[in-house]
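Undergrad: sequence and predicted model, in that order:
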There are 2 protein chains.
Amino acid sequence: MGTRVRNRDQAELLRLLRDRGPLSRAELTDGLALSKSKVAVELERLSGTGLVEDAGRAASRGGRPSSLVRVGGDLRFAGIDIGATSVDVAVTDGALRVLRKVQHGIDVRSGPEEVLGTATALLRELCRTTGTTALAGIGAGVPGPVSFADGVAVVPPIMPGWDEYPVRERLSAEFDCPALLDNDVNLMAAGEFHAGAARGLGTFLFVKLGTGVGAGIVVDGRVHRGVDGSAGDIGHIQVHDQGPVCACGNVGCLEAFFSGVALRRDATTAAEAGRSPFLAERLTTTGVLTGRDVADAAAAGDPVATGLIREGGRHVGEVVAKLVSFFNPARIVIGGGLANLGDLLLAEVRSTVYRRSLPLATRNLPVVLTGLGDAAGVLGAVRMISDDVFSPNPVAG
Amino acid sequence: MGTRVRNRDQAELLRLLRDRGPLSRAELTDGLALSKSKVAVELERLSGTGLVEDAGRAASRGGRPSSLVRVGGDLRFAGIDIGATSVDVAVTDGALRVLRKVQHGIDVRSGPEEVLGTATALLRELCRTTGTTALAGIGAGVPGPVSFADGVAVVPPIMPGWDEYPVRERLSAEFDCPALLDNDVNLMAAGEFHAGAARGLGTFLFVKLGTGVGAGIVVDGRVHRGVDGSAGDIGHIQVHDQGPVCACGNVGCLEAFFSGVALRRDATTAAEAGRSPFLAERLTTTGVLTGRDVADAAAAGDPVATGLIREGGRHVGEVVAKLVSFFNPARIVIGGGLANLGDLLLAEVRSTVYRRSLPLATRNLPVVLTGLGDAAGVLGAVRMISDDVFSPNPVAG
């Protein structure tokens, strides 16, 4: 690659420039508690490999104007966020600013060959349109449990054909650069940590409400993946003894009560039973109902839709309350497609969490919606791969 | 103190000698990836302050026999584990070997003056009988949420009078040494990590079943305390919508279903209702029933006692199953007074966890009983304070 980071000091310089650059040498010295000469030496080395570059002079604050440094202008990262029904692909610069981003509908059940074929075609197209000739790294995510060390999905329930498929290896080989694979919810959590509703928070939970339901756990600024990569798998936590049968075979799982799939089921039932004129009309028009339709119905004052959202929020809140008692996070961030249900959903989650958790764990606990929408995944993906590329001991390639 | 550790290398040398000493200089060099000369320099310095000392010569393996080093023979740590109904106090040497340990019945509700008066009197007695003239540090635990940074309990529900009482400050001043205060369950988890059923495991859960119920969470070898120090507070996780009213005001909390308090309640009810001749006779004899009586009854074939234990294990298992899905730990260790209920309890917890968690998270998940019994707390306490004393940036004193 020729872009290897040689030591911890170089890694810290690069991460600081990525997140807060351009910076002067004085700011780098202060920010990292390194000596002036150490900073100069390492910048010189990094400059030789194109990882950093000169960024002109800072506005003078009296005295000699100091020169600014930034991450190399040719550095490019890519993020691929594969969901159940869509894939998001983005190319960013070295400071993780999105140069171009695209979303494309897929069906993850059509298998890795087809889905990765689509994703890599989209990425090649983005590289072309952004003038990117080489990638410094690719971060990717899939909607299922992942062995992070191996870069493969592991017995993912909604992804037939993906078990042990060499996703990371394929991306790395096709684009000749380091790649990492993680669970999509972990990436979303990393995205919120990098630039969203949990920016800079050490310890928080991200709850994804989408086709499925999952949590991303961040402890002291690092994603907690668990010993088998299955941490955060909260969709199959039992909410009640009785309830709908879940795809997993158990009864009363959170996902069976509330998720994109469950909401579509309940909205369709209500429409067909004539309990909601709004949803019935929408179903006739479009042939299929989504969370968006339920949100529209609720906004139009439809009581059945409002009821579905409130009940869903309550079920989510009951599970989150347990996690709050257990984990005592600084914040709960709610994202995924159903976050579009907005304040009505949020209010119900909040009131349930505040009622059911111990006061000590909730006295300073904000429960908020994502600040990134569907960009959380790709942002987390580039954050993850750039952390690794800007490390003296990378996991990838 | 004169025993300050000056840098990271010294800290690592001390911890390695504490856990695996005596060691030769060659073993230290290998174990820490430090240069031979660096090891020699730092050992020299540490020897000057009495933190390490010569330990004679190793058995010759051919060639010149190498000299052994160990932690200073005069180093002493103390652990104080305050539970709801008893306090355990221990004095150890620098390698955390228990020199003497004592347990004394107390009632934590009698307040900090009385309880700490008892604990410090016990510690002074232990110092006298072990010839300890100075302590290098004290680790202490209480059965409630703790602000670790402040060394005080924070609105602890079962500890009237303890809120914000300066426990750490008092211990530190009385014994003129650094001190740290933590939640008792966190200490038990640290004890299991140091020398018990989770020795050397990075990520696991410790579940304490005692008067109350709580969990200790270890992530990558460090206790996760949560942002308010209330992490692991699982006793008030709701098991069922309906159920006994809990002391916290909610309905159906785990603690209200199963804990030392709940088991005493259920056993007494069964005895008084004439449903268990064994427990009725025991109640007549002793005037009060404990978990031990229920264990004895079950061992004698009493079906009511067996039922209580099984049902309790099922409730614990239901909560643990949720935590396993969420957290994906490498092991579950069950301790606290009710761990004496033994294999019957364990079997029920296990089968519930394996049935209710996702297969991926349980395929390599042992659920085991504590290896330390009631020594887990004091061992964790000395582990915690020695980690801090053997650190270049101690939190304590």
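TA: Looks like it arrived, so ask away.

Undergrad: lowest-scoring secondary structure element of chain A by mean pLDDT?
TA: Here the helix or strand of chain A ranked lowest by mean pLDDT, DSSP states H and E is helix A:359-362, holding a mean of 82.

Undergrad: so who does the closest residue to A:Phe390 other than its chain neighbours touch?
TA: Nearest residue to A:Phe390 in three dimensions, chain neighbours excluded: A:Leu14, at 4.1 Å (CB to CB, 6 or more residues apart in numbering or on different chains). (C-beta placed from N, C-alpha, C; glycine too.) Going by CB atoms under 8 Å, 6 or more residues apart in numbering or on different chains, A:Leu14 touches A:Val5, A:Leu46, A:Leu51, A:Val52, A:Val71, A:Phe390.

Undergrad: before we move on, the earlier item: so which elements touch the least confident helix or strand of chain A?
TA: helix A:303-327 (3 or more CB pairs under 8 Å, 6 or more residues apart in numbering or on different chains; DSSP states H and E).

Undergrad: now the helix it packs on against helix B:303-327, angle please.
TA: 100 degrees (axes from the mean of the first three to the mean of the last three CA atoms, to 10 degrees).

Undergrad: show me what the helix or strand following the least confident helix or strand of chain A is packed up against.
TA: For helix A:359-362, the following helix or strand on the C-terminal side (DSSP states H and E) is strand A:367-369. Counting contacts by 3+ CB pairs under 8 Å, 6+ apart, strand A:367-369 is packed against strand A:332-335, helix A:343-356.

Undergrad: and those, which is most packed in?
TA: strand A:332-335 (a mean of 27; mean count of other CB atoms under 10 Å in any protein chain shown).

Undergrad: that strand close to chain B?
TA: No: judged by CB under 8 Å from any CB of the partner chain, strand A:332-335 stays clear of chain B, getting no closer than 11.9 Å.

Undergrad: sheet-wise, list the partners of that strand with their directions.
TA: Strand A:332-335 pairs in its sheet with strand A:204-209 (parallel), strand A:367-369 (parallel), by DSSP bridges.

Undergrad: out of these, which one sits most buried?
TA: Of the strands paired with strand A:332-335, the one with the most neighbours on average (mean count of other CB under 10 Å) turns out to be strand A:204-209, with a mean of 28.

Undergrad: what residues does it touch?
TA: A:184-185, A:188-189, A:192-193, A:198, A:213-218, A:234, A:258-260, A:316, A:320, A:323-324, A:327, A:329-339, A:345.

Undergrad: what number of residues lie near the residue of the stretch 251-397 of chain A found nearest chain B?
TA: Nearest residue of the stretch 251-397 of chain A to chain B: A:Asn328, at 2.4 Å (CB to the nearest CB). Under the neighbour criterion other CB atoms under 10 Å in any protein chain shown, A:Asn328 is assigned a count of 26.

Undergrad: isn't it right next to B:Gly229, touching?
TA: Yes: under the criterion of CB atoms under 8 Å, A:Asn328 makes contact with B:Gly229 at 7.4 Å.

Undergrad: now do stretch A:303-310, average pLDDT.
TA: Mean pLDDT, stretch A:303-310: 96.

Undergrad: before we move on, what about stretch A:262-269?
TA: 96.

Undergrad: ok now that stretch, how far from the chain's centre?
TA: 26 Å (CA atoms, centre = their mean, to the nearest Å).

Undergrad: buried stuff in that stretch?
TA: Within stretch A:262-269, the residues that count as buried by 16 or more other CB atoms under 10 Å in any protein chain shown are A:Ala262, A:Leu263, A:Arg264, A:Asp266, A:Ala267, A:Thr268.

Undergrad: in space, what's closest to the second one - neighbours in sequence excluded?
TA: The reference is to A:Leu263. A:Gly291 (5.5 Å).

Undergrad: one more: the fifth one?
TA: Using CB to CB, 6+ apart and skipping the chain neighbours, the partner closest in space to A:Ala267 is A:Leu289 (4.4 Å).

Undergrad: do the third one as well
TA: Across the structure, with CB to CB, 6+ apart as the measure, the residue nearest A:Arg264 apart from its sequence neighbours is A:Leu289 (5.7 Å).

Undergrad: quick one: buried residues of stretch A:366-378?
TA: A:Val367, A:Val368, A:Leu369, A:Thr370, A:Gly371, A:Leu372, A:Asp374, A:Ala375, A:Ala376, A:Gly377, A:Val378.

Undergrad: and the stretch 151-300 of chain A, which residues reach chain B?
TA: So far as CB under 8 Å from any CB goes, the stretch 151-300 of chain A lies against chain B at A:154-155, A:202-203, A:215, A:217, A:219, A:224-234, A:236-238, A:240-241, A:248, A:250.

Undergrad: please indicate which of those are buried?
TA: A:154-155, A:203, A:215, A:217, A:219, A:224-234, A:236-238, A:250.

Undergrad: tell me which element the residue nearest the centre of chain A is part of?
TA: Among the residues of chain A, the one closest to the centroid is A:Met188, at 1.3 Å (CA atoms, centre = their mean). Element membership for A:Met188, per DSSP H and E: helix A:184-195.

Undergrad: and that helix, which residues are buried?
TA: Buried-residue list, helix A:184-195, by 16+ other CB under 10 Å: A:Asp184, A:Val185, A:Asn186, A:Leu187, A:Met188, A:Ala189, A:Ala190, A:Gly191, A:Glu192, A:Phe193, A:His194, A:Ala195.

Undergrad: let me know the closest of those to A:Ile106.
TA: Closest to A:Ile106 out of the buried residues of helix A:184-195 is A:Asp184 (13.0 Å), distances taken as CB to CB.

Undergrad: circling back: my guess is the residue nearest to A:Leu263 contacts A:Ala339. True?
TA: No: with contact defined as CB under 8 Å, A:Gly291 does not reach A:Ala339; the gap is 9.3 Å.

Undergrad: higher neighbour count, these two?
TA: A:Gly291 (25 against 22).

Undergrad: domains for chain A, by residue range?
TA: A:8-71, A:76-191+A:376-389, A:199-371 (automatic domain parsing).
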